[in-house]
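*Asks:* take a look and give me a structure for this.
(2 chains)
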Number of protein chains: 2
Amino acid sequence: MIIVNTGNGKGKTTAAIGQIIRSLGQGFKVCLIQLFKGEEFYGEQKILSGLGNLDFFSFAKKHPYLFKSVSVKDAKLDCCLAMDKVKLLSLSPKKYDLIVLEEFNIALRDKFIDEREFLTLLQQLSQKSNIIVTGRSAPQNLIDVADIVTEMKEIKHCYNKGIKAYKGIEY
Amino acid sequence: MIIVNTGNGKGKTTAAIGQIIRSLGQGFKVCLIQLFKGEEFYGEQKILSGLGNLDFFSFAKKHPYLFKSVSVKDAKLDCCLAMDKVKLLSLSPKKYDLIVLEEFNIALRDKFIDEREFLTLLQQLSQKSNIIVTGRSAPQNLIDVADIVTEMKEIKHCYNKGIKAYKGIEY
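*Replies:* Numbers count the residues shown, from 1 in each chain, chains lettered A, B, ... in the order given. Below you'll find the predicted structure:
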């Protein structure tokens, strides 16, 4: 099954984390591949890294549009390594019940990874594992092949009023 | 801060679980009060119950609209006990950094709890704790007092095609 969490609202990543927790609770094996998630540990990473049955990989820690010190070329190179990891999973025998591809929608939007190649890998992978892809701006071709698509739609957000990110809520 | 996860799509509960994991990872204390969550353990409950710093309460395990054996009167009584718990938290000194009120939107929608009383308690509680309220059909008055509101909007769902709930994904 292919699940997509997209939209401009809060909850895309936290819903994927909740899904990981639910799957681990059922005794399933989970793989989390994150893009653009910063070098500092988010709160969830501290808990997740302590749980069994979860393998956790992080690539392209900084997005070039947010960090001027990172070039688009470097980001593409890092995303390419993440894609190699996905490719390896698609070619290997089933190891995980759930694979979470965090912020891959952003990498697709910014053309850091090739959409056609990604969709081919995704359909191979989904034969043996459930997959969650997160990030705003999911491409229509991904939505077309997905089984469940949720748009996390921002109805109201206090940060629009200038309030800064809260520890434990946003990170 | 008051956060509301509503809408007809997937991710309201899992986003709240992810938020709990994020908060626990930051060393925060969390209280989860669930309504209508069934007597059998969901996957997430197995993991959550093993984590420190989390207190977990469950009321009104079955919703009368789904289980004919449960009367509306019983559900109201159970929701009343849940409200007593919320009242106690609002009157006590701060114990939790995050309080998650799972499916309380449903109890509000079905008038199992009094909206005015709930909103008063919520505003008192939000002075000392962050609060997440989940469930479809969040009432407008709750949206009005909330700081962050996300609508989890169903774009596509394979269950509409008759596929049944997957273990580790839906429970």
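*Asks:* how about stretch A:10-30, does it reach chain B?
*Replies:* Yes - interface with chain B: stretch A:10-30 contributes A:10-19, A:21-26, A:28 (Cβ under 8 Å from any Cβ of the partner chain). Backbone N, C-alpha and C define where each C-beta goes, glycine included.
*Asks:* now that stretch: how far from the chain's centre is it?
*Replies:* 12 Å (Cα atoms, centre = their mean, to the nearest Å).
*Asks:* and A:Asn5, which helix or strand is it part of?
*Replies:* Element membership of A:Asn5, judged by DSSP states H and E, is strand A:2-6.
*Asks:* pull up the pairing partners for that strand, direction included.
*Replies:* strand A:130-134 (parallel), strand A:148-157 (parallel) (DSSP bridges).
*Asks:* point out the most buried one among those strands.
*Replies:* strand A:130-134 (a mean of 25; mean count of other Cβ atoms under 10 Å in any protein chain shown).
*Asks:* mind listing what A:Asp55 touches?
*Replies:* Residues in contact with A:Asp55 (Cβ atoms under 8 Å, 6 or more residues apart in numbering or on different chains) are A:29-32, A:96.
*Asks:* and if you look at A:Lys85?
*Replies:* When contacts are counted by Cβ under 8 Å, 6+ apart, A:Lys85 touches A:33, A:57, A:59.
*Asks:* now which of those residues would you call buried?
*Replies:* The neighbour-count criterion (16 or more other Cβ atoms under 10 Å in any protein chain shown) marks A:33, A:59 among those as buried.
*Asks:* tabulate the contacts of A:Lys85 in a markdown table, adding columns for pLDDT, secondary structure and distance to chain B.
*Replies:* Formatted as a markdown table, the contacts of A:Lys85 follow (pLDDT from 0 to 100; DSSP: H, G, I helix; E, B strand; the rest coil; distance: Cβ to the nearest Cβ, whole Å):
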| residue | pLDDT | secondary structure | distance to chain B |
| --- | --- | --- | --- |
| A:Ile33 | 96 | strand | 17 |
| A:Phe57 | 93 | strand | 18 |
| A:Phe59 | 95 | strand | 21 |
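*Asks:* I'd assumed A:Leu119 was in contact with A:Leu142.
*Replies:* Yes - contact criterion Cβ atoms under 8 Å: A:Leu142 and A:Leu119 qualify, at 6.6 Å.
*Asks:* tell me which of those two has more neighbours.
*Replies:* A:Leu142 (20 against 17; other Cβ atoms under 10 Å in any protein chain shown).
*Asks:* show residues contacting the helix or strand bottoming out on mean pLDDT in chain A.
*Replies:* In chain A, the helix or strand scored least confidently by mean pLDDT, DSSP states H and E is helix A:43-48, which has a mean of 88. Helix A:43-48 has contacts (Cβ under 8 Å, 6+ apart) with A:13-14, A:17, A:20, A:32, A:54, A:56, A:167-168, A:171, B:18, B:21-26, B:51.
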